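1. just to be clear, the model below is a prediction. Sequence and coordinates:
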Amino acid sequence: VNASNLITLVPPTEISLPTLYHQFKTMVYSNMRRPTKHNRKTTNSVLTCVCAFFVTSILALFLFELKILSGGSQGTFFLENDLTEITKKASIHLAKDQSFGFFNDIPDHEWNLLRKITSEHENHKFMDQPLTHNPDFDTRNLKYNNSPAAWYQTNYEPNFSCRFERRLGGNGNGDGPKWVCDPHRIVEVSKERKAKNPDTPGCLVYSIGSNGDYSFEVGFQEATNNACEVHIFDMGDYGDGVKAMSDELNLNYHQVGLVKEGNDSVNDKGEKFQSLKTIVKSLGHEDQIIDVFKIDCDKCEWRTFQDWLAPDMPVLQQVLVEVHDAPKVALQFFDTFEENNYVRFHKEPNIQYAGGDCIEYAFLKLDKSFFDKDALGNVR
């Protein structure tokens with residue numbers, strides 16, 4: 001049988017499986033010399049197999065034309081009405097663009113959900129009077145009405161989530177460890193930078209205030225396979241503890257405390273204090289990104305936070321800070337972070353040593369476009 005003739009028997013727009021079967025069967029019979037009952041039965045069996053082959057082939061071509069995609073190891077197939085959802089999942093450019101390349105595998109539809117959650121978040125329980133419960137404002141003389149713990153309980157909860165955040169330091173428990181957003185991504189970013197320029201440190205960590213406890217810094221380097229260059233700052237003489245680990249873990253100790261810009265000094269005890277700008281310049285990091293800026297400086301955060309985020313300073317990608325008490329300037333502190341396009345991905349009260357009056361906050365810097373509510377549309 002000439003198979004090419006089969007396609008021309010019926011116009012393409014009128015092809016149906018029964019018609020195709022009938023035409024093929026007629027053509028086969030017409031080519032038989034003696035269509036006996038026996039060979040008719042054999043032919044019917046052959047025709048059934050041939051038609052099954054055609055049906056399978058046509059279905060395969062149909063699915064191919066529709067660009068049906070496999071659902072991975074499950075082998076699940078999604079039909080045409082699911083293609084839009086699959087396309088959304090396949091696109092990851094939005095997260096990458098709006099996080100300076102940090103999130104390189106989050107689908108656009110999930111990223112937009114994160115944006116929606118952030119845009120709908122309210123920072124205060126009492127929006128009309130956010131200083132309610134603040135001890136510098138509220139005159140009610142009860143701890144649960146007038147204390148830092150009460151104020152932090154009713155203000156500034158996290159408004160963003162890092163899927164693979166980890167509490168690094170020691171075994172992750174107790175006072176000292178810090179929450180870091182997706183440490184494995186820091187490793188990836190470091191490798192990319194080193195590939196472009198082998199002379200760069202890959203990534204940088206500044207840790208201000210240690211009091212001789214290096215559990216966070218050691219835990220960070222162990223979790224990231226020494227991906228970063230870590231600089232520890234403290235006015236105390238704790239350098240010997242770092243020297244024993246410096247070669248193995250790339251830790252660098254600097255005996256200097258942090259002060260507000262313009263107040264570099266040495267006190268009567270011989271303790272040296274420098275602004276962050278002075279420190280950055282002395283280390284030659286003006287053109288670098290500081291991937292993690294961890295600071296616990298017993299209230300100096302309220303005097304220096306504007307220096308951290310100054311426009312002539314390197315970008316601080318993640319800021320891990322313990323805030324102490326709740327002065328009125330705390331409102332400006334958190335507002336300044338939001339004005340500089342930071343989200344809060346973790347909040348943890350220091351219960352053991354401060355009764356909740358000190359809080360560990362973790363911030364992450366994103367691109368300004370992340371906060372564009374008008375671009376969200378009808379995200380669900």
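-> Right, received. Where do you want to start?
2. mind checking how far the spatially closest residue to residue 328 that is not a sequence neighbour is from residue 329?
-> Of all residues not flanking residue 328 in the chain, residue 136 sits nearest, at 4.9 Å (Cβ to Cβ, 6 or more residues apart in numbering). Any C-beta I mention is one placed from the backbone N, CA and C, and that applies to glycine too. With distances taken as Cβ to Cβ, to the nearest Å, residue 136 is found 9 Å from residue 329.
3. between those two, what contacts are shared?
-> Overlap of the contact sets of residue 136 and residue 329 (by Cβ atoms under 8 Å, 6 or more residues apart in numbering) is empty.
4. now for the host helix or strand of residue 323, which elements pack on it?
-> Element membership for residue 323 (DSSP states H and E) is strand 316-324. Packing partners of strand 316-324 (3 or more Cβ pairs under 8 Å, 6 or more residues apart in numbering; DSSP states H and E): strand 178-180, strand 290-295, helix 301-308, helix 329-339, strand 358-365.
5. how far off centre is the third one?
-> Read it as helix 301-308. From the chain centre to the centre of helix 301-308 is a distance of 26 Å (Cα atoms, centre = their mean, to the nearest Å).
6. tell me which other helices or strands it touches.
-> Looks like helix 301-308 contacts helix 276-283, strand 316-324, helix 329-339 (3+ Cβ pairs under 8 Å, 6+ apart).
7. can I get the shortest one as CSV, trimmed to CA atoms?
-> The C-alpha atoms that make up helix 276-283 are tabulated as CSV, following Å, rounded to 0.1, in the frame of the first residue of the first chain:
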residue,chain,number,x,y,z
LEU,A,276,32.5,52.9,60.1
LYS,A,277,33.6,55.1,57.3
THR,A,278,37.1,55.3,58.7
ILE,A,279,37.2,51.6,59.3
VAL,A,280,36.1,50.8,55.7
LYS,A,281,38.6,53.2,54.2
SER,A,282,41.5,51.8,56.4
LEU,A,283,40.7,48.3,55.0
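8. which residues touch that helix?
-> In contact with helix 276-283 (Cβ under 8 Å, 6+ apart) are residues 206, 231, 233, 254, 256, 258, 261, 264, 274, 286, 304, 307-308, 310, 312-314.
9. do the same with stretch 178-195
-> Applying Cβ under 8 Å, 6+ apart, the contact partners of stretch 178-195 are 101-104, 162-169, 200, 202-203, 216, 220, 223-225, 227-228, 291-292, 294, 318, 320, 345-346, 348, 360, 362, 364.
10. contacts made by stretch 234-245 with the rest, please.
-> By Cβ under 8 Å, 6+ apart, the surrounding residues in contact with stretch 234-245 are 208-212, 214, 218, 232, 251-257, 271-273.
11. now do the helices in the chain.
-> Counting by DSSP state H, the chain has helices at residues 3-8, 17-30, 37-65, 83-90, 93-98, 108-120, 148-153, 183-196, 215-223, 239-249, 276-283, 301-308, 329-339, 351-354.
12. the shortest one - contacts with which helices or strands?
-> For helix 351-354, not one helix or strand is in contact under the criterion 3+ Cβ pairs under 8 Å, 6+ apart.
13. now do that helix: distance to the chain's middle.
-> 29 Å.
14. if you count neighbours, what's buried in it?
-> Buried residues in helix 351-354, counted by 16 or more other Cβ atoms under 10 Å: residue 354.
15. can you list contacts of that helix?
-> Under Cβ under 8 Å, 6+ apart, the answer for helix 351-354 is 174-175, 324.
16. extract the CA atoms of it and return them as PDB.
-> Extracted C-alpha coordinates of helix 351-354, given in PDB (Å, rounded to 0.1, in the frame of the first residue of the first chain):
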ATOM      1  CA  ILE A 351      14.900  36.400  76.800                       C
ATOM      2  CA  GLN A 352      17.700  34.900  78.900                       C
ATOM      3  CA  TYR A 353      19.800  38.000  79.600                       C
ATOM      4  CA  ALA A 354      17.500  40.900  78.900                       C
END
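17. sorry, back to before: run a quick neighbour tally on the residue nearest to residue 328.
-> 14 (other Cβ atoms under 10 Å).
18. picking that back up, could you pick out the buried ones from the contacts of helix 351-354?
-> Using 16+ other Cβ under 10 Å, the buried ones in those are 175, 324.
19. in TSV: the contacts of helix 351-354, plus pLDDT and distance to residue 243.
-> Shown next, in TSV, are these (pLDDT from 0 to 100; distance: Cβ to Cβ, whole Å):
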residue	pLDDT	distance to residue 243
174	92	25
175	91	24
324	97	30
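20. of the contacts of helix 351-354, closest to residue 115?
-> Among those, residue 324 lies closest to residue 115 (Cβ to Cβ), at 31.7 Å.
21. list the residues that contact the closest one.
-> 298-299, 301, 354, 357-358 are the contacts of residue 324 under Cβ under 8 Å, 6+ apart.
22. same thing but 10 Å
-> Residues in contact with residue 324 (Cβ atoms under 10 Å, 6 or more residues apart in numbering) are 148, 296-302, 350, 354, 357-359.
23. any of those buried? List them.
-> 148, 296-297, 300-302, 350, 354, 357-359.
24. can you put those residues in CSV and add pLDDT and distance to residue 247?
-> Shown next, in CSV, are the buried ones among the contacts of residue 324 (pLDDT from 0 to 100; distance: Cβ to Cβ, whole Å):
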residue, pLDDT, distance to residue 247
148, 95, 41
296, 97, 26
297, 95, 27
300, 97, 31
301, 98, 32
302, 98, 37
350, 95, 33
354, 91, 35
357, 95, 39
358, 96, 34
359, 97, 35
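25. save the residues you listed as JSON lines, and put in distance to residue 244 too.
-> JSON lines is the format used below for these (distance: Cβ to Cβ, whole Å):
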{"residue": "148", "distance to residue 244": "37"}
{"residue": "296", "distance to residue 244": "22"}
{"residue": "297", "distance to residue 244": "24"}
{"residue": "300", "distance to residue 244": "28"}
{"residue": "301", "distance to residue 244": "30"}
{"residue": "302", "distance to residue 244": "34"}
{"residue": "350", "distance to residue 244": "28"}
{"residue": "354", "distance to residue 244": "30"}
{"residue": "357", "distance to residue 244": "34"}
{"residue": "358", "distance to residue 244": "30"}
{"residue": "359", "distance to residue 244": "32"}
